[in-house]
Each structure stands twice: as structure tokens, then as C-alpha cells.
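In: Need the 3D shape of this:
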Amino acid sequence: MAASVEELEERLAVLRAQWRESRRAGDKAESARIRKQLRAAEEAWEAALDEEEVAEAAPVTARPPVEQPQSTGRPGQGAIPVREQVYQALTVLGAPASPKLISSAYEAFFAEPLIATKLASLRRDEERSFTAQGYSRPYYICAALNHDRLTPARGLLAVSVWPLERRLSTPLGQRADFLRHAIGTAEQIQRLTDAGHPPSEAAWRLLRRFALTIPGAYDEAARPDPARVLSAARTESSVHQAEDDRERVVAARRAREQLSDVQQLFGTRELHDALRSGGGAP
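Out: Take a look at the predicted model:
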């Protein structure tokens, strides 16, 4: 029987504590072993959340378009390019995210759908464009980088104008980014509400998904309170922020010293073939 969301959350908490202890003890082999278990547990947790969301979701019904927030929307005619849809969703989330989460965030806050499968070749297209044209565009959709090997983090997209430290994937940073996603989602719901635009049901479902795993953020009410989610997420984020920030600063300094401009956005070539063939980061 597959583990429940609650069981996996307990497992993640134990693994994070063990990882911190191994770091303090300077046991690199044990730290690497626990990190591998953390990745597997986080993937299982995401899958369990997906199953729970599908089971609880109401039948899809038509809903009126949601006005695009001024900070991310742009007037114009015709379909919005996929790269701009991704940029808008990532701007709301505030941290590197998977195509599936990007698609969910865009569906929650914008009128047009964003099909996650359309993102499969986007990063490669952006890399080719940057290699040919440099900084000719105001932003690029790029890869998040693994902090240790500076290779592209599997399945995570970021925005080129973010500081390099923000585009790194670290062991503690995976939870930190999750909390940033929760904060960005709650803030966006507050902005819509304050502007007199009722958030969509998809927006509330997305916020609930985050709130379920943040201590003190949710009390089983029909809808989570954005202010409560913000407070709980910021409280948890502050616990490990100093250690995570130090790791990001060190890795970013190394990346700036060792990598070219294109590599700082899309990672070193070491892992690209593995990613194309379906392999994951070591």
C-alpha cells in the first residue's frame, strides 16, 4: 500500500533532521545517502498529493476569465506565447518550479490554459536563443541549477532575471522554494481579493495544497486563510533560512567563477545527454 501524504510528511521531517545531523558531523557519505532518500521521498510526496487532489477535485466546469494581475499580465491580442505564460506563472510562484506546478498556477490565476506538455522543449529553445542572441530579450526561461555540480536540476524551470542564488536547487532549498510558492500563491489571492476579483476555485485548491503541509497554516476549513498561510510559511521559512542562504551564496560564487553566461542560466553540459535520455540528476 502506498504511503499517505501524512506518513510521507513525517518521513521527510525525519530525513531532513538526519541530513542536518550528518552535515554537522561532517559525514559526506551519509549526507549524500540521506539526500538521495530525501529526493525519493519528495517525489513520492508529490505523487501522493496529486492522487489526493484528483480524488477530491470537483468535476471541471466553465468559469469566467480571471483578470490578469497588473504585475504579470500584458495587454494584447491573440494567444499568449508559452514562454510568457511560464514567465507569468513563475512570477507568481517566486521560485523554480516544475512544469506541472507552473501549469497549475497559470490555470489558477490566468484565463488561458497552459498545457504542461508544451514546456518539454521550451528550455532547449530558450538556450538556443540565448546562445545566438545573448541578452537581446528582457528575460529567458532557464534551468534551476543543482548547487553541488551546477548541472540543470531535473524538471525545474526558473527566470533568467532572478539572482543566481534564487535559481539554485539545494537540499534545504527544496522546502524553502515550496514555502516561497505558498507565499506567492497566498499573496496573489490577496491581491485579487483586494482588487475585487474573486479568485478561481483552482486558486483556492492550489493554496490548500500548499497549506496542508505547512504547520499551522490550515485547520480543515473549506478554504484556507491566505493571511494564515503567509504567516505560517514565513515562520517555517525563517527556521532554516540562514543555513540555506549560506549554501546558496557559496554555490553562486563558485558558479560565477567557473561558468560562462549561458552555463549560469542553463547549467553545464555534463548532464544534458542524461536529461534527454530520461536519466535524473545523480
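In: Residue ranges in this structure under the pLDDT threshold?
Out: Within the chain, the stretches with pLDDT under 70 are 1-2, 5-6, 9-10, 46, 49-78, 221, 269-282.
In: Show me where it has its helices.
Out: Under the criterion DSSP state H, the chain contains helices at 5-25, 28-56, 82-93, 99-109, 122-133, 173-194, 201-211, 226-258, 261-266, 272-276.
In: what's Ala111 sitting at in phi/psi?
Out: phi -80, psi -40 (degrees, to the nearest 10).
In: Let the chain start at 53 from now.
Out: Sounds good: first residue 53 from here, last item Ala163.
In: can you count the residues close to it?
Out: Around Ala163 there are 15 other residues, counting by other Cβ atoms under 10 Å. Every residue, glycine included, has its C-beta placed from N, CA and C.
In: same check, this time on Arg85
Out: By other Cβ under 10 Å, 14 other residues sit near Arg85.
In: can you check Ser312 too?
Out: By other Cβ under 10 Å, neighbour count at Ser312 equals 10.
In: Kindly report the same for the one 5 residues further on.
Out: Burial measure for Leu317: 24 neighbouring residues, criterion other Cβ under 10 Å.
In: what's the spacing between the nearest residue to it once chain neighbours are set aside and Pro204?
Out: Nearest residue to Leu317 in three dimensions, chain neighbours excluded: Cys194, at 4.0 Å (Cβ to Cβ, 6 or more residues apart in numbering). From Cys194 across to Pro204, the span is 9 Å (Cβ to Cβ, to the nearest Å).
In: for Gln293, same thing?
Out: Distance of Gln293 to Pro204, computed by Cβ to Cβ: 25 Å.
In: for Ala294, same thing?
Out: For Ala294 relative to Pro204 (Cβ to Cβ), the value is 27 Å.
In: Which of these two has more residues huddled nearby?
Out: Pro204 (29 against 8).
In: wouldn't the more buried one be in contact with Glu179 here?
Out: No: counting by Cβ atoms under 8 Å, Pro204 sits too far from Glu179 to count as a contact (9.5 Å).
In: got any residues that touch both of those two?
Out: Phe318 (Cβ atoms under 8 Å, 6 or more residues apart in numbering).
In: Skip the chain neighbours and tell me the closest residue to Gly268.
Out: Ala284 (4.2 Å).
In: actually Leu166, sorry about that
Out: Tyr158 (4.0 Å).
In: From Ala279, how far out is the one you found?
Out: 24 Å.
In: of these two, who's got more company?
Out: Taking neighbours as other Cβ under 10 Å, Tyr158 and Ala279 compare with Tyr158 leading, 26 against 11.
In: How much space separates the more buried one from Ile167?
Out: Distance of Tyr158 to Ile167, computed by Cβ to Cβ: 10 Å.
In: count of neighbours near Cys194?
Out: Cys194 has 24 neighbours, counted by other Cβ under 10 Å.
In: Contacts only, for it.
Out: Arg175, Glu178, Glu179, Phe182, Leu209, Ala210, Val211, Ser212, Arg219, Leu317, Phe318.
In: and of those residues, the nearest to Trp97?
Out: Set against Trp97, the nearest of these by Cβ to Cβ is Leu209 (20.1 Å).
In: Touching, the closest one and Tyr191? I think so.
Out: No: the pair Leu209 and Tyr191 does not pass the contact test of Cβ under 8 Å, sitting 12.0 Å apart.
In: Between those two, which has more neighbouring residues?
Out: In terms of neighbours (other Cβ under 10 Å), Leu209 is the more surrounded of Leu209 and Tyr191; the figures are 25 against 16.
In: ok, so what distance separates the residue nearest to Phe318 when sequence neighbours are not counted from Phe262?
Out: Using Cβ to Cβ, 6+ apart and skipping residues adjacent in sequence, the residue nearest Phe318 is Glu179, 4.5 Å away. Taking Cβ to Cβ as the measure, Glu179 falls 30 Å from Phe262.
In: So which of those two has more stuff around it?
Out: Phe262 (23 against 20).
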